[in-house]
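>>> sequence isn't available, so here's the structure alone:
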């Protein structure tokens, strides 16, 4: 199901301007959200992040339109992955944006398979580095080709996801999620300045879920050696929610860990509350 | 003018699948070529580069279709910039490409203003680094947001174009062109492994134009200090052809330099021959 130009449309093919800079230059951003029982989990955070990303790129968007798109799609199913795409709109030839851009907004909903959330993952250390010198590294920009290429390499090597270091060698994030490392009762995740996407669930863990569990959770640069010696590692994103990491390359981690289990239970409860569904529906 | 689905179309709006991975993930490549008098300059090189880029990304394209698109558009005007876009086509949610991709190919033509070619440029040293660790740095991939952001910064600082270093600090390329530095009778340009787009005019200079002028032209990593001490610097791309660089930041270069003039004259002659037009039409 597609939301386009203010209304729901069957299929995904519509009249579209091929001079749209989202298509020609990757000049735009997107968002992926989970909707359960007709409601988007952490809706305000998703709307705010897209709005802030457009502002960072210097084009306007009405948060109300983003919210309307997400809500219209959320109402079409019980368990949906909603992807919202926002571009600077059409422009003339060349890199310079039009003086008065007319941004493009559309969104799609697809069923999110039960069992996606909380399922363990094996990460593959990517050769390609995440470029923390670029402000776009902290945005969910449309230029996802490095993640596409590295995910293919990860799958070819028998892993689920690629894990990126930045150009300085520090751990950044996975192709589609943030990483956290557990050391005793302390949980660390790289700061955004290390080239990290500002994940919605990442912020939930940092500011609400971990403190609510009585755990210390901080932003700190991490080296691959830090991950080697961590008790365990987990990944967060808006569909997987909190995925235990069972391996990074040759280093295996325990499939079950009491701190990860506690955080997962608390996150599940928050998502259930946010969507107004029973906890057993968050799976 | 647009070439889409095998034929010429007025305007740029057509039915399009918003699940196209070129739009959703920057999963594709493009090419910009100059057409004069109905013929694309260095057509075979442009077709070959797009075909090789698709192969590098693991999806097929028929070179004949690319050539047909370029030729159909080239015939619509006297002096055109032709942009050809090739994506992996539509895919389901997520990063994994479809097993049997149906790539999307379209192209547009816009008038190329006389005076674009050979006009001098002022370059601004970009803060954002070019990520030479990514194989996509050597492709003209759709993810051009770093170049968009840096070009805006360059214009705000009173310059024409951004000049990128790579993550190791070596000179890479400009936002939309390759750089060459002149030292006596020797001309150097960074190797592709420094995160450099494989420019069509770059290859012409290296393999044909410079040797034809009796000059030594080699690929060599360059530092910003090397550019500081160079006699002069120039930029190449398919529309500007060979642009003298009159400044990089605070360092000014002579607006006229006999070696640059000789190379420009030889390149102009090659383009004229390639397009079958008089030399004074290459401007």
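In hand now; what should we look at? As the structure is a computational prediction, the values presented were derived from the model and not from experiment. Numbering: from 1, shown residues only, chains lettered A, B, ... in the order given.

>>> can you report how many residues lie near the residue nearest to residue A:211 when sequence neighbours are not counted?
Distances taken as CB to CB, 6 or more residues apart in numbering or on different chains place residue A:217 nearest to residue A:211, at 7.0 Å, with adjacent residues excluded. Yep, even glycine has a C-beta here, placed from its N, CA and C like the rest. Residue A:217: 20 surrounding residues under other CB atoms under 10 Å in any protein chain shown.

>>> got it, and the one 5 residues further on?
Residues lying near residue A:222 (other CB under 10 Å) number 22.

>>> does it touch residue A:171 like I think?
Yes. At 4.3 Å, residue A:222 counts as touching residue A:171 under the criterion of CB atoms under 8 Å.

>>> spit out the residues that contact those two alike.
A:179, A:190 (CB atoms under 8 Å, 6 or more residues apart in numbering or on different chains).

>>> got the residues of the stretch 151-283 of chain A near chain B?
Neighbours of chain B within the stretch 151-283 of chain A, by CB under 8 Å from any CB of the partner chain: A:151, A:152, A:155, A:167, A:175, A:176.

>>> 6 Å instead?
Residues of the stretch 151-283 of chain A found near chain B (CB under 6 Å from any CB of the partner chain) are A:151, A:167.

>>> from residue A:207, how far off is the residue of the stretch 151-283 of chain A at minimum distance from chain B?
Ranking the residues of the stretch 151-283 of chain A by distance to chain B (CB to the nearest CB) places residue A:167 first, at 3.8 Å. To residue A:207, residue A:167 is 28 Å away according to CB to CB, to the nearest Å.

>>> so for the two, which residue has more residues nearby?
residue A:167 (21 against 11).

>>> can you give me the strands for the stretch 51-200 of chain A?
Listed in chain order, the strands found in the stretch 51-200 of chain A under DSSP state E, counting those that start in this stretch are A:79-87, A:104-111, A:121-125, A:161-165, A:171-174, A:178-183, A:186-189.

>>> now render those as a markdown table, adding mean pLDDT, mean neighbour count and distance to residue B:196.
Formatted as a markdown table, those follow (pLDDT from 0 to 100; neighbours: other CB atoms under 10 Å in any protein chain shown; distance: least, CB to CB, whole Å):
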| stretch | mean pLDDT | mean neighbour count | distance to residue B:196 |
| --- | --- | --- | --- |
| strand A:79-87 | 98 | 24 | 27 |
| strand A:104-111 | 97 | 21 | 31 |
| strand A:121-125 | 98 | 21 | 25 |
| strand A:161-165 | 98 | 27 | 22 |
| strand A:171-174 | 98 | 28 | 23 |
| strand A:178-183 | 98 | 23 | 31 |
| strand A:186-189 | 98 | 22 | 34 |
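
>>> can I see the domain layout of chain A?
A:2-111, A:121-281 (automatic domain parsing).

>>> work out the gap between the shortest one and the centre of the chain.
On the basis of CA atoms, centre = their mean, to the nearest Å, domain A:2-111 is displaced by 15 Å from the centre of the chain it belongs to.

>>> where in chain A is pLDDT low?
Low-confidence segments of chain A, defined by pLDDT under 70: none present.

>>> could you report the neighbour count for the spatially closest residue to residue A:191 that is not a sequence neighbour?
Leaving aside its chain neighbours, residue A:191 sits nearest to residue A:219 (4.1 Å; criterion: CB to CB, 6+ apart). Using other CB under 10 Å, residue A:219 has 15 other residues around it.

>>> show me what residue A:219 is bridged to.
Taking DSSP bridges as the rule, residue A:219 bridges to residue A:189.

>>> hang on, it packs against residue A:192?
No. If you go by CB atoms under 6 Å, residue A:219 and residue A:192 don't touch, sitting 7.7 Å apart.

>>> so who does residue A:136 touch?
By CB atoms under 6 Å, 6 or more residues apart in numbering or on different chains, the contact set of residue A:136 is residue B:145.

>>> ok, now how distant is it from residue B:128?
Residue A:136 sits 8 Å away from residue B:128, going by CB to CB.

>>> likewise residue A:123?
Going from residue A:123 to residue B:128 by CB to CB gives 27 Å.

>>> with residue A:1 instead?
According to CB to CB, residue A:1 and residue B:128 sit 37 Å apart.

>>> quick check on the residue of the stretch 1-150 of chain A found nearest chain B: phi, psi?
Residue of the stretch 1-150 of chain A nearest chain B, by CB to the nearest CB: residue A:143 (2.7 Å). Residue A:143 adopts backbone torsions of phi -80, psi 80, taken as degrees, to the nearest 10.

>>> what about the nearest residue to it once chain neighbours are set aside, neighbour count?
The shortest distance from residue A:143 to any non-neighbouring residue, by CB to CB, 6+ apart, is to residue B:143 (2.7 Å). Neighbourhood size, residue B:143 [other CB under 10 Å]: 24.

>>> wait, isn't residue B:143 in contact with residue B:25?
No. Residue B:143 is beyond contact range of residue B:25, at 8.9 Å (criterion: CB under 6 Å).

>>> ok, which of the domains of chain A comes nearest residue B:11?
Ranking the domains of chain A by their distance to residue B:11 (criterion: CB to CB) puts domain A:2-111 first, at 8.4 Å.

>>> any part of that closest one near chain B?
Yes. Using CB under 6 Å from any CB, we find that domain A:2-111 touches chain B at A:12-13, A:15-19, A:22-23, A:25-27, A:81, A:93, A:95, A:106, A:110.

>>> start and end of that domain, how far apart?
In domain A:2-111, first residue to last residue: 13 Å (CA to CA, to the nearest Å).

>>> tell me the contacts of residue A:3?
Counted by CB under 6 Å, 6+ apart, residue A:3 has contacts A:69, A:72, A:73, A:107.

>>> ok, now which ones touch the closest residue to residue A:231 other than its chain neighbours?
Closest residue to residue A:231 apart from its sequence neighbours, by CB to CB, 6+ apart: residue A:182 at 4.7 Å. Contacts for residue A:182 (CB under 6 Å, 6+ apart) come out as A:230, A:231, A:232, A:259.
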